[in-house]
Every structure is written in structure tokens, then in C-alpha cells.
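>>> just coords:
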């Protein structure tokens, strides 16, 4: 067994050995710079002087297991005593490399799983028209969501018709103001500050203005190639679809979560029919008939205020029966 004294006595010979074999020691400036970069060593000379430094094996054998074992075998053949000094550091390095490779492979698999999950969610979002996990939670399934959408179709059609009337009235109000002001935007839409003081020479254009009109200086004119009725019908259908999609996803998450409890953790329930009474988001009662019986859910809107003073709404949905 090599003692500490023996190791100390071998250090000069070992240093001479390493310095005489360029294949084992990074002596060139490029090699030294590469070692400093890879191992983040600011003082390379200090490590070179201290042969018992923990970075010694990595420093002179690199991070390639095959090359490290070859160099160690070469050293053991000609200088077995010196090889015994090197062996623990090299074996420790190889263990670290194996562990790092395993961790890297595990991270790669996890990243691939997350990537596959994002692709699957994107495909499902394109198919359903809604991000089911975000809107409905972890329990919502496509089958229940589709059943909800089918049951809510009359509600969606009624909402689209009501929105169409509302948007038409808004458009007619804009048109009336412009025609009454002889298409002068400053006269039709005067700008007032927070105190209600009129700011002359400025127009406070509504958000819907750019959908139907264009502004030339201070005057306005109908946007070329725009059919107001078509724009209104498109926006009404889109907004109704988004509202019902969010409502259906939220209910799907609630119903599927309940079905999972009823089926002892195995989501095997089916939705047979859906009926809604009341104003969907504001105050509604939804009756869902499943193969496990009838469920009645109540949804209403509530307003809260954050710690920063900002108002926001929420739609708690509670099971009634």
C-alpha cells in the first residue's frame, strides 16, 4: 500500500512523467484555454502544482471515458505505482460521467414528453376550438366537452342572434353620430379628459370605428370593400362561439371530475343530454343527464377586487344535486 510519504516522494517523478508525455498533459495555449473554459478554472497553474487537486483527473484526462481508461492503462503498464495514485480520481470521474449521462438522458426524455404533450394539446385545441386543459381543468375530456357543445347549441344560436342585434345597434349609433356631424370625427366624438373637460381639436374614436370607417384628417368615410352586415355577423358568431366554448369546457371539467368520483377513479361516465335555464354565465342552472344519474350545476358571476384595487370577475360553478 502506498503511504502518504511514498506519494509525496513520487510527485516529482510523476510531474516529470506528465510533462514528458504531451498526449497526457494539455501544454499548449489552446489546450489550456479549452480546459479553463470547460472546467471554469481561473487559476490553472494552481491545479497543475497540486497533484491531489480534485480536478486533476478531469484536467488531464478530459471528459471522455474511453480516452481516460486508455491513458490510465498506459500509465499502469509502465508506471504502476503512479497509476495507483491516479486510479481513484479517474474512477470517480467516470462515475460522475455515468451519472451525468443518466441525468441527461432522463432530462431528454422529460423534455420530449413535454414536447409531445404540447403537440397533442395543440392538435386537440385545433380540433375542439378551445384549450380544454386551461379552460376545463385536468378532468375535462373531449367526449364530455363535445356533448356539452351539442347540448348548448340552442344557447349559442340565441347568443349569436342577440349579439348580432347588439352589434348592429352599435354600428347604427356610430353611423348616426357621423352623419349628424357631417362626418366630422371631432364633432361626432369629442374628447374629454378624466375631469370631463373638453379637449378641443381631438377625437375620442370608439374601438369599433376602425372596423367600418376610415379617417382622412378630421373627416371619416366608410371603409372601402367592407360590408357592415357581414362584419357584424362574423363577430357575433365568433364571440358566441368563444363564450359557449369556455362555458362548455368549464362544465366538462366539473362533470368529468364528478363522474370520476362516482366511478371509483376510473373516468367511464357518459353524458346523455344537457339543458340550460337562465343566463349562461351570469346566473344559470345546467341539468346534465349521465349514465350515473342527473347532475344539476349552478353558475353565477361574482366581482372581486385584488389587493392592488383592480376589479375582476369569477364564475363559481357549484353542484346543486
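Looks like it arrived, so ask away. Since the model is a prediction, treat every value here as computed from it, not as a measurement.
>>> quick one: secondary structure of residue 130?
coil (DSSP: H, G, I helix; E, B strand; the rest coil).
>>> do the same with residue 170
helix.
>>> need the strands for the protein, in chain order.
190-192, 198-203, 213-216, 219-222, 271-279, 283-290, 293-300, 302-305, 311-314, 317-319 (DSSP state E).
>>> which of the ones you listed sits most buried?
Of all these, strand 283-290 carries the top mean neighbour count, a mean of 19, counting by mean count of other Cβ atoms under 10 Å. For the C-beta atoms, the positions are set from N, CA and C on the backbone; glycine is no exception.
>>> That one vs strand 293-300, what angle?
Relative orientation of strand 283-290 versus strand 293-300 (axes from the mean of the first three to the mean of the last three Cα atoms, to 10 degrees): 160 degrees.
>>> from the middle of its chain, how far away would strand 283-290 be?
32 Å (Cα atoms, centre = their mean, to the nearest Å).
>>> Tabulate the strands of the chain in CSV, adding columns for mean pLDDT and distance to residue 239.
Output for the strands of the chain, formatted as CSV (pLDDT from 0 to 100; distance: least, Cβ to Cβ, whole Å):
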stretch, mean pLDDT, distance to residue 239
strand 190-192, 87, 28
strand 198-203, 83, 26
strand 213-216, 91, 21
strand 219-222, 92, 23
strand 271-279, 85, 15
strand 283-290, 89, 18
strand 293-300, 90, 18
strand 302-305, 84, 21
strand 311-314, 80, 16
strand 317-319, 89, 21
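>>> So which of the ones you listed is nearest residue 128?
Nearest of those to residue 128, taken as Cβ to Cβ: strand 271-279 at 15.1 Å.
>>> Name every sheet partner of that closest one and say whether each one runs parallel or antiparallel.
Applying DSSP bridges, strand 271-279 is found paired with strand 283-290 (antiparallel).
>>> And the closest residue to residue 192 other than its chain neighbours, how close does it get to residue 223?
Among residues not flanking residue 192 along the chain, residue 198 sits closest, at 5.6 Å (Cβ to Cβ, 6 or more residues apart in numbering). With the distance defined as Cβ to Cβ, to the nearest Å, residue 198 ends up 28 Å from residue 223.
>>> and what of residue 73?
Separation of residue 73 from residue 223 (Cβ to Cβ) stands at 81 Å.
>>> What of residue 135?
From residue 135 to residue 223 the distance is 34 Å (Cβ to Cβ).
>>> Sounds good, over and out.
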